[in-house]
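K.L.:
sequence and computational prediction follow.
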2 protein chains.
Amino acid sequence: MEAVSIEARSPAQRERRRRILAAAVDLATEGGFDAVQMREVADRAEVALGTLYRYFPSKVHLLVCALLERFEDAEVRQRTVPAPGEDAQERVRHVLGGQTRALQREPLLTEAMTRAFVFADGSVAAEIRRVEAVVSDLLTGAMAGPGGSREDYRRTARVLADVWLAALVGWVTGRTTADDVWARLDDACRLLVL
Amino acid sequence: MEAVSIEARSPAQRERRRRILAAAVDLATEGGFDAVQMREVADRAEVALGTLYRYFPSKVHLLVCALLERFEDAEVRQRTVPAPGEDAQERVRHVLGGQTRALQREPLLTEAMTRAFVFADGSVAAEIRRVEAVVSDLLTGAMAGPGGSREDYRRTARVLADVWLAALVGWVTGRTTADDVWARLDDACRLLVL
DNA sequence: GCCAGTAGTGAAACGTGTTCCTATCATGAC
DNA sequence: GTCATGATAGGAACACGTTTCACTACTGGC
């Protein structure tokens, strides 16, 4: 089942897609994963339920796409304003800290997107991979710095992304505190040979 | 809502609990997360649906408890037969490799338990924490070796557990191969200051 | 043994993600 | 302009996790 691609044909379709994502983000921001109910998303976006499913074949697709857009924006911004810092460790800490704080500003939205991300099954593989790629770019870009080689940092970035994800999962499900997310990233940065 | 505790009062209750977990594991082994349907679990365990929900307040609880029992067994076994290896890195690699191979022998069961683990919400916090504690014991025990101090390795163990989890999630959802799980753990062991 | 209270049964019912179907609408080819 | 084709609306229907309820069976204290 293929979703309507991002390069949706008509302006009306792009607009519908935008409205759907906005509705999902609003509901998630207000009530988290459970509050993103497909009928309610369709109502708010003013599309029929069947249309919603034509654009996003499942609730998880929808939320992962919302997550992807956020990270894509973040990655673009990061590219225009490179992270400050003397070395790879300082720069990647800066990025991780900033992104984590941003996620923590909207706890329920982060909960919804994070749980969708980890619960996603094989049918969402393409979107998940895109998120992983963007996050990898974000982190390797920070570590490599201007003009550095990203490839040297791919493996380290993946470890950091893994720690980040696990810490976020612990936080969004109420098992740990917001500070703990940073503590775990901090530990990881310190323990990794950077 | 509190599940019937593991120290269930009567032998009949312990037996019911055992049957329920066995039924869940069987179904998961055969068809993964989606195949663990509560009505079917109740049927196979020969208990009423209401009874199943008295023992395990949700499908996720049920699968996380199954995961917990597996890791508890593994941890006990690990304690009786300490991991071989000259240093912390060798020993923890041995344990991670062995456990990962064990998980990969039953891909659908691992898929079911892993997805339950990451999708679990706050109501499963207690069980999740127990799983995390057992995994931490497993890894710190390996790294500390006989007579060593576990505490020195708590943070490293958590990073490794995070990488392990993220890699397993990637594998059970078909995004990466079984070998990739090991490759990522291998990278993490190499990149960490051990 | 009897009784009170707890546990278990069986079945119906509810909520929400997902699918399906038919009628209506929009758009591009001619 | 007309028509064919695909997109959207509207809504019913289905699947499965979860809840509820009335009834029965068990168990521990007397």
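P.N.:
Sure thing, it's come through.
K.L.:
which bits of chain A sit near chain B?
P.N.:
Neighbours of chain B within chain A, by Cβ under 8 Å from any Cβ of the partner chain: A:115, A:118-122, A:124-125, A:128-129, A:155-156, A:158-159, A:161-163, A:165-167, A:169, A:173-175, A:184, A:187-188, A:191-193. Every residue, glycine included, has its C-beta placed from N, CA and C.
K.L.:
narrow these to just the buried residues.
P.N.:
A:115, A:118-121, A:124, A:128, A:155-156, A:158-159, A:161-163, A:165-167, A:169, A:173, A:175, A:184, A:187-188, A:191-192 (16 or more other Cβ atoms under 10 Å in any protein chain shown).
K.L.:
restrict these to contacts with DNA strand D.
P.N.:
Taking Cβ under 7 Å from any atom of the strand as the test, DNA strand D is in contact with none of these.
K.L.:
those in helices, which ones?
P.N.:
The helices, defined by DSSP state H, take in A:115, A:118-119, A:128, A:155-156, A:158-159, A:161-163, A:165-167, A:169, A:184, A:187-188, A:191 from those.
K.L.:
and chain A, which residues reach DNA strand D?
P.N.:
Going by Cβ under 7 Å from any atom of the strand, the residues of chain A near DNA strand D are A:4, A:12-13, A:16, A:46-51, A:54-55.
K.L.:
how many neighbours does residue A:147 have?
P.N.:
When counting by other Cβ atoms under 10 Å in any protein chain shown, one arrives at 5 neighbours for residue A:147.
K.L.:
where does pLDDT dip in chain A?
P.N.:
Applying pLDDT under 70 to chain A flags residues A:1-8.
K.L.:
look at the spatially most central residue of it and give its secondary structure.
P.N.:
Central residue of chain A (Cα atoms, centre = their mean): residue A:67, 3.7 Å from the mean position. Secondary structure state of residue A:67, per DSSP: H, G, I helix; E, B strand; the rest coil, is helix.
K.L.:
contacting residues around it?
P.N.:
Residues counted as contacts of residue A:67 (Cβ atoms under 8 Å, 6 or more residues apart in numbering or on different chains) are A:113-114, A:116-117, A:131.
K.L.:
what about 6 Å?
P.N.:
Residue A:67 is in contact with A:113, A:131, counting by Cβ atoms under 6 Å, 6 or more residues apart in numbering or on different chains.
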